[in-house]
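Asks: Sequence and computational prediction follow.
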Amino acid sequence: MRVRNSPLRTRSVFCAVFALGLLLATSCGSDLNSVRGKVTYKGQPIKDATVTFHPVGGDAVKATRPTGITGEDGSYTLSCEKGPGAPAGEYVVTVVWMKDLEKKKGFSTDTQPERFDQLQGRYADHKASKIKLQVKPGANNLDPIALD
């Protein structure tokens, strides 16, 4: 037995598929906003620092923490597990600037270089950080984070 597609049925299926696609498109990362900024230390841009945004009042375990790595000019762009950007809201910001220690001469079984925070942990704890920034809906070009 052959089933004939009626125009009403075809239109209904099309509308359902279109609505589902629209729903998926608006729910996947649509709450993310582009965020760009810069970090300086004693007036100079720092390279390879990790900048992490911790949401104020967020769940300590499940909260999204957008992160960026600074480039040559100290600039960073945030991204998170949902994609590029960050949800709108208030954040406490941490900055860690790791550097490899020079290896001692001689034989070593340690394959990972020892590292240390060049900022000595002063900006690493989100509970103690005084750096507070806001991400607004849309594109965000934040004021530089000036560390000293």
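Replies: Nice, thanks for sending it over.
Asks: Can you tell me the centre-most residue of this structure?
Replies: In the chain, the residue lying closest to the centroid (CA atoms, centre = their mean) is Pro66, at 2.4 Å.
Asks: Can you pull the phi and psi angles for Val35?
Replies: When read as degrees, to the nearest 10, the backbone of Val35 gives phi -140, psi 120.
Asks: What residues are bridge-paired with it?
Replies: Beta bridges link Val35 to Asn140, judged by DSSP bridges.
Asks: Report how many residues lie close to Pro144.
Replies: Pro144 has 12 neighbours, counted by other CB atoms under 10 Å. In short, each C-beta sits where N, CA and C put it, glycine included.
Asks: One more: Thr40?
Replies: Thr40: 16 neighbours (other CB under 10 Å).
Asks: Ala124 too?
Replies: 16.
Asks: hmm, back to that, just confirm the residue nearest to the centre of the chain contacts Cys80, I think it does.
Replies: Yes - Pro66 is in contact with Cys80 according to CB atoms under 8 Å; the separation is 4.4 Å.
Asks: what is in contact with these two at once?
Replies: Ala86 (CB atoms under 8 Å, 6 or more residues apart in numbering).
Asks: what's the weakest-modelled helix or strand in this structure?
Replies: helix 7-27 (a mean of 47; mean pLDDT, DSSP states H and E).
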